[in-house]
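S.K.: Pasted the sequence and its predicted model underneath.
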Amino acid sequence: MKDAGRGGHARTDARAQPFVRAVAYSLRGVVYAFHTEKNLKRDVWLFTCLAAVEWCLRPSIAQAALTVFVSMCVFAAELFNTAIELAVDVASTWKDHPVAGMAKDVASGAVTFVAFGALAIAAWLLVSDWPWHLWLWSLRNLGSVVLVTIWLMAVWAVRLWPYHPDIEIKRPRKGGAAE
Ligand SMILES: Nc1ncnc2c1ncn2[C@@H]1O[C@H](COP(=O)(O)OP(=O)(O)OP(=O)(O)O)[C@@H](O)[C@H]1O
């Protein structure tokens, strides 16, 4: 990693309120992860499919809120995993070390746990809404549609937010050759 943290932080206006700065830093990290991590990109599409299903089946507002919360947990778990991977790469200087490998495996195990929980909840919601009806063009449970759509737009806003890699993160393990 070249000039990792401080160089990028210096670009955020130092005169900004601490809260605004904190949000800007968080957004920077989230945008980085959503542009570089294949798992997060896949999760965005999975959540888009889930939203489409909810537009059609129109679950109750409580069920829709549950799916939004669960998807937040999945995204958060992926973000923690990404942070841990980066920290481990820096700590191990991209060299093989059994502890570094184990740390990454544990972090990815945590994501797997959350993902299975999310799948179980999605399955339970689908089963509990049986028999399914296509409510796509009706006004039924409109609050659910609004909630899911707002969260979907927020997720896609982060995914499509212009990403300017102001730091260079090299992960030689993936490319094969270490520098
Ligand atoms: N420094 C290391 N030393 C030993 N093993 C490692 C090291 N880095 C990664 N590994 C092993 O390779 C696996 C994949 O690591 P990598 O950094 O490529 O993650 P990734 O493919 O980006 O994972 P994810 O798909 O969760 O983002 C790890 O789970 C770990 O078992």
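M.R.: Ah, there it is.
S.K.: CA atoms for contacts and neighbours, from now on please.
M.R.: Noted.
S.K.: Check which helix or strand the closest residue to residue 158 other than its chain neighbours maps to.
M.R.: Spatial nearest neighbour of residue 158, chain neighbours left out: residue 31 (5.8 Å); criterion: Cα to Cα, 6 or more residues apart in numbering. Per DSSP states H and E: residue 31 is located in helix 18-36.
S.K.: Quick one: check that helix for contact with the ligand.
M.R.: No. Counting by Cα under 6 Å from any ligand atom, the ligand has no neighbours in helix 18-36; the shortest distance is 9.3 Å.
S.K.: Enumerate the positions of that helix that are buried.
M.R.: 21, 24, 28, 30, 31, 32, 33, 34, 35 (16 or more other Cα atoms under 10 Å).
S.K.: For the residue nearest the centre of the chain, list the residues it contacts.
M.R.: For the chain, the residue nearest the mean C-alpha position is residue 75 (2.9 Å; Cα atoms, centre = their mean). Contacts for residue 75 were tallied using Cα atoms under 8 Å, 6 or more residues apart in numbering; they are 40, 43.
S.K.: cool, and residue 108?
M.R.: residue 81.
S.K.: change it to 10 Å
M.R.: 77, 78, 80, 81, 82, 84, 85, 102 (Cα atoms under 10 Å, 6 or more residues apart in numbering).
S.K.: For the buried ones among those, write the corresponding PyMOL selection.
M.R.: In PyMOL syntax, the buried subset of the contacts of residue 108 is picked out as below (16+ other Cα under 10 Å):
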select buried, resi 77+78+80+81+82+84+85
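S.K.: could I get the contacts of residue 108 as JSON lines with secondary structure?
M.R.: What follows is the contacts of residue 108, written out as JSON lines (DSSP: H, G, I helix; E, B strand; the rest coil):
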{"residue": "77", "secondary structure": "helix"}
{"residue": "78", "secondary structure": "helix"}
{"residue": "80", "secondary structure": "helix"}
{"residue": "81", "secondary structure": "helix"}
{"residue": "82", "secondary structure": "helix"}
{"residue": "84", "secondary structure": "helix"}
{"residue": "85", "secondary structure": "helix"}
{"residue": "102", "secondary structure": "helix"}
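S.K.: which one among the contacts of residue 108 gets closest to residue 16?
M.R.: residue 80 (26.2 Å; Cα to Cα).
S.K.: Thanks again, I'm all set now.
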